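> based on what follows, work out the 3D shape:
(2 chains)
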Number of protein chains: 2
Amino acid sequence: MAGVDDELAAWLRLLLSPGVGRDAARRLLAAFGSPQAVFVASTTARRAVVPPSLAEALAAPPESWQAQCDATAAWLAGDGTRRVVTLGDALYPPALLHTADPPLLLFVHGRAELLAARDALAIVGSRNPTAQGRDNARAFAAHFARAGWTVVSGLALGIDGAAHEGALEGGGDTVAVMGTGIDRVYPARHRELAHRIARDGALVSEFPLGTPPLAGHFPQRNRLIAGLARGTLVVEAALESGSLITARLAAEAGREVFAIPGSIHSPQSRGCHALIKQGAKLVETADDVLGEFGSARGAPAATPAPAPRDPVLDALGHDPATLDALAARTGWPAADLAARLLELELEGHVQRLPGGMYQRRERA
Amino acid sequence: MAGVDDELAAWLRLLLSPGVGRDAARRLLAAFGSPQAVFVASTTARRAVVPPSLAEALAAPPESWQAQCDATAAWLAGDGTRRVVTLGDALYPPALLHTADPPLLLFVHGRAELLAARDALAIVGSRNPTAQGRDNARAFAAHFARAGWTVVSGLALGIDGAAHEGALEGGGDTVAVMGTGIDRVYPARHRELAHRIARDGALVSEFPLGTPPLAGHFPQRNRLIAGLARGTLVVEAALESGSLITARLAAEAGREVFAIPGSIHSPQSRGCHALIKQGAKLVETADDVLGEFGSARGAPAATPAPAPRDPVLDALGHDPATLDALAARTGWPAADLAARLLELELEGHVQRLPGGMYQRRERA
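Next up, the predicted model:
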């Protein structure tokens, strides 16, 4: 038990006891008042609360306990913004208390007070989004952050990462709920992002230190994402994806579910469309979401970053147009026009469509 | 009155009488039993049914009546598939009788029996759709037609035209409801399409012969599109467009409203999204629509036309990919790959996205 106090050591022992799930642990805590009291109690007393096999199992310290206590002490000593928040802690997020399966404890790195943010929204979606989906996640997150909302997501590649980045760029608060131990950043490509979140927002995990990425943990992680937020926005998601699990958990927890529509030919929009068919709210703008909570910010924050004023972009308008049509509208020679369109395409302002049409690409 | 029989002449006189709207006309018909009886009756008798000014106005034949009778006789003589179907006719569409404002009569060119089709669906949308929107209209219409449904639309440019064409290509039935006199094809670009519809489907108009395209007539036309169908599908529509009027009229007439979602950055999808927010059913496939009426056809007809087997298309899958990623997947030299991608783009199978990504373009 070296390095952590007796109380935290008892919480970790409860967390690690083999076969003792969160449900049994919460029953034990309710019966005995604290994890220390659970272990001081007799096996007979514990049998009144949990099945005999579990009551027995709790008598002997779990094998990994000592190492976890040491690792936790070392991790906590890393900097002053690391802590373990337990079910008994005043900092424990109230929003999670109102869910079906609150975790016993949370490892938190960064601004732990963000966990209690009342105005929090989850943004989740595909690990393999379209470029537009990624842009949308970033833009919606930045808008929420500017409006004072905390953006909760899962630190995954794709939509999750874009949401965290958007919130940070919006100068706002973001919480990343991890499916690994808080000392294991997954995916590795998000190491730098995780550092920024630990500094400006908060990283959170309910898993013991050193827990590797395991497929079974991600749905558990998703219930915390949904549980921490007043609503969950699915930006892009395939059918049968983890994002739909998060959305279902949000709905079950009585929270709002929002989904962004897309092309019926885009597999990354099928999950969103399925959610809308099931009753999720279709949203086109970040204010559509905030409006549900009576806190839309109106025009200023909703206004897209202005596209550069450009005679070709102006001529293009918002509908696809052919080179001929643009030549007629601008009066430019075709060669100049083609060169300018290529520049605009490379800058991401214009998209070339099949059939020689050009279309503006919007950045909200 | 030369050329048409007394009964039809009386219907045309009622249609043309200045100031006598459909509502007053229907009250007169209910009171007197036939248009001939309306005109035989005294002004005093008519005053019991309509305001005095209208009762007076009906005493004198309208100025344009003689010419309209002549024109109608000449039009009817054009071929054997032209007729005027009045409210008193057995061929009058039952579906329209159950709407708030059934027309007094319909000029019909083609297969008048299609007007009584129980299984009819309306497809409407923007006159200025995206290429994908047009493809979608055509594909949904072809699917409905193959499933034995009559496709009703408005002969307009864009989505309407694509819907009629899709139905004809599906070897099925289509009804075009016109906003002009049936002898005036609008837009002129759809003259050939109108001829095909008159031969294989039916053209319908409630307006007197020679009526030019007038803005005020198109919303009236839309109520017939909605009224003839069990449901209305909006494929693409801007906000505040005629398609939304059609959808509203369909909902008011107790019919189903369906909408296809799209990008939140596409102005042509905003109307569809607004409808879904208001309760229209989001649909991704034609079978989503037919399923609402218990008549989905299942996989065979819903299967997209197979894309050509191609190693580059196979490597592309359904997500955007960079040239580098495709080179790694196919093992092709970059120059060969770029050449093949250009071919696929020109053939419409691939779309180039900003940032050097490529994406498959689906044809349902």
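> who's the residue nearest to the spatial centre of chain A bridged to?
Nearest residue to the geometric centre of chain A (Cα atoms, centre = their mean): residue A:153, 0.8 Å. Residues in a beta bridge with residue A:153, per DSSP bridges, are residue A:176.
> isn't it right next to residue A:228, touching?
No: with contact defined as Cβ atoms under 8 Å, residue A:153 does not reach residue A:228; the gap is 10.1 Å. (Each C-beta comes from the backbone N, C-alpha and C, glycine too.)
> between these two, what contacts are shared?
Here residue A:153 and residue A:228 have A:122, A:175, A:177 as joint contacts, going by Cβ atoms under 8 Å, 6 or more residues apart in numbering or on different chains.
> for these, which one is nearest chain B?
residue A:122 (18.8 Å; Cβ to the nearest Cβ).
> please name the residues that touch that closest one.
By Cβ under 8 Å, 6+ apart, the contact set of residue A:122 is A:151-153, A:225-226, A:228-229, A:231-233, A:246, A:250.
> Provide the secondary structure category for the residue in the stretch 251-364 of chain A that chain B sits nearest to.
Nearest residue of the stretch 251-364 of chain A to chain B: residue A:261, at 3.4 Å (Cβ to the nearest Cβ). For residue A:261, the assignment made with DSSP: H, G, I helix; E, B strand; the rest coil gives coil.
> list the contacts for the residue nearest to it when sequence neighbours are not counted?
Using Cβ to Cβ, 6 or more residues apart in numbering or on different chains and skipping residues adjacent in sequence, the residue nearest residue A:261 is residue B:261, 3.4 Å away. Counting by Cβ under 8 Å, 6+ apart, residue B:261 makes contact with A:261-264, A:269, A:273, A:276, A:282, B:269, B:272-273, B:276, B:282, B:284.
> which positions in the stretch 1-150 of chain A make contact with chain B?
For the stretch 1-150 of chain A, the contact set with chain B under Cβ under 8 Å from any Cβ of the partner chain comprises A:128, A:130-132, A:136.
> now render these as CSV, adding pLDDT and neighbour count.
Output for the residues of the stretch 1-150 of chain A next to chain B, formatted as CSV (pLDDT from 0 to 100; neighbours: other Cβ atoms under 10 Å in any protein chain shown):
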residue, pLDDT, neighbour count
A:128, 93, 17
A:130, 88, 24
A:131, 87, 16
A:132, 87, 26
A:136, 95, 30
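> CSV for these, including secondary structure and distance to residue B:70?
Below are these laid out as CSV (DSSP: H, G, I helix; E, B strand; the rest coil; distance: Cβ to Cβ, whole Å):
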residue, secondary structure, distance to residue B:70
A:128, coil, 68
A:130, coil, 61
A:131, helix, 63
A:132, helix, 59
A:136, helix, 61
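> now do the buried residues in the helix or strand encompassing residue A:193.
For residue A:193, the host element (DSSP states H and E) is helix A:191-200. Residues A:193-194, A:196-198, A:200 are the ones in helix A:191-200 that count as buried (16 or more other Cβ atoms under 10 Å in any protein chain shown).
> who are the neighbours in contact with residue A:91?
Counting by Cβ under 8 Å, 6+ apart, residue A:91 makes contact with A:83, A:85, A:108, A:112-113, A:115-116.
> rerun at 10 Å
For residue A:91, the contacting residues are A:83, A:85, A:106, A:108, A:112-113, A:115-116, by Cβ atoms under 10 Å, 6 or more residues apart in numbering or on different chains.
> from these, which land in helices?
Among those, no member falls in helices (DSSP state H).
> ok, the residues you listed vs residue A:326, which is closest?
Nearest to residue A:326 among the contacts of residue A:91, counting by Cβ to Cβ, is residue A:115 at 52.1 Å.
> do you have the helices of the stretch 201-350 of chain A handy? List them.
Using DSSP state H, counting those that start in this stretch, the helices found in the stretch 201-350 of chain A span residues A:217-228, A:242-252, A:267-277, A:286-292, A:299-302, A:311-316, A:323-330, A:334-346.
> redo those as CSV? Include mean neighbour count.
As requested, the helices of the stretch 201-350 of chain A are exported to CSV (neighbours: other Cβ atoms under 10 Å in any protein chain shown):
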stretch, mean neighbour count
helix A:217-228, 23
helix A:242-252, 23
helix A:267-277, 24
helix A:286-292, 21
helix A:299-302, 12
helix A:311-316, 17
helix A:323-330, 16
helix A:334-346, 15
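> any idea which of those helices scores lowest on pLDDT?
Ranked by mean pLDDT, the helices of the stretch 201-350 of chain A end with helix A:299-302 at the bottom, a mean of 35.
> give the helix, strand or coil label for residue A:126.
Assigned with three-state DSSP, residue A:126 falls in the coil class.
> contacting residues around the residue lying closest to it once chain neighbours are set aside?
Counting by Cβ to Cβ, 6+ apart, the nearest residue to residue A:126 once its immediate chain neighbours are dropped is residue A:236, at 4.7 Å. Neighbour list for residue A:236: A:124-126, A:128-130, A:132-134, A:136-137, A:158-159, A:243, A:259-260, A:262, A:266-272 [criterion: Cβ under 10 Å, 6+ apart].
> any idea how far residue A:143 is from residue B:270?
For residue A:143, the distance to residue B:270 equals 18 Å [Cβ to Cβ, to the nearest Å].
> also residue A:75?
50 Å.
> before we move on, back to that, so for the helix holding residue A:193, what's the average pLDDT?
pLDDT averaged over helix A:191-200 gives 98.
> strands along chain A, start to end?
A:82-86, A:105-110, A:120-124, A:150-153, A:174-177, A:202-205, A:231-234, A:256-259, A:281-282, A:321-322, A:350-353, A:357-360 (DSSP state E).
> a markdown table for those strands, including distance to residue B:52?
Formatted as a markdown table, these follow (distance: least, Cβ to Cβ, whole Å):
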| stretch | distance to residue B:52 |
| --- | --- |
| strand A:82-86 | 83 |
| strand A:105-110 | 82 |
| strand A:120-124 | 64 |
| strand A:150-153 | 69 |
| strand A:174-177 | 73 |
| strand A:202-205 | 79 |
| strand A:231-234 | 61 |
| strand A:256-259 | 58 |
| strand A:281-282 | 52 |
| strand A:321-322 | 56 |
| strand A:350-353 | 61 |
| strand A:357-360 | 58 |
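> out of the ones you listed, nearest to residue B:207?
Smallest distance to residue B:207 across the strands of chain A (Cβ to Cβ): 33.7 Å, for strand A:321-322.
> list the contacts for residue A:68?
Counting by Cβ under 10 Å, 6+ apart, residue A:68 has contacts A:4, A:9, A:12-13, A:15-16, A:62, A:181, A:208-210.
> my guess is residue A:82 meets residue A:112, correct?
Yes: counting by Cβ atoms under 10 Å, residue A:112 is a contact partner of residue A:82 at 9.1 Å.
> what sits in contact with each of the two?
Common neighbours of residue A:82 and residue A:112 (Cβ under 10 Å, 6+ apart) do not exist.
> from residue A:175, how far off is residue A:89?
16 Å.
> neighbour count winner among those two?
Here residue A:89 and residue A:175 are compared on neighbour count by other Cβ atoms under 10 Å in any protein chain shown; more neighbours surround residue A:175, at 31 against 15.
> didn't that one look like it was pressed against residue A:120?
Yes: at 7.2 Å, residue A:175 counts as touching residue A:120 under the criterion of Cβ under 10 Å.
> what do the two both touch?
The contact sets of residue A:175 and residue A:120 overlap at A:93, A:114, A:150-152, A:225, A:228-229 (Cβ under 10 Å, 6+ apart).
> biggest separation within those residues, which pair?
A:93 and A:151 (15.0 Å).
> run a quick neighbour tally on residue A:357.
17.
> let me fix that, I meant to ask about residue A:351.
21.
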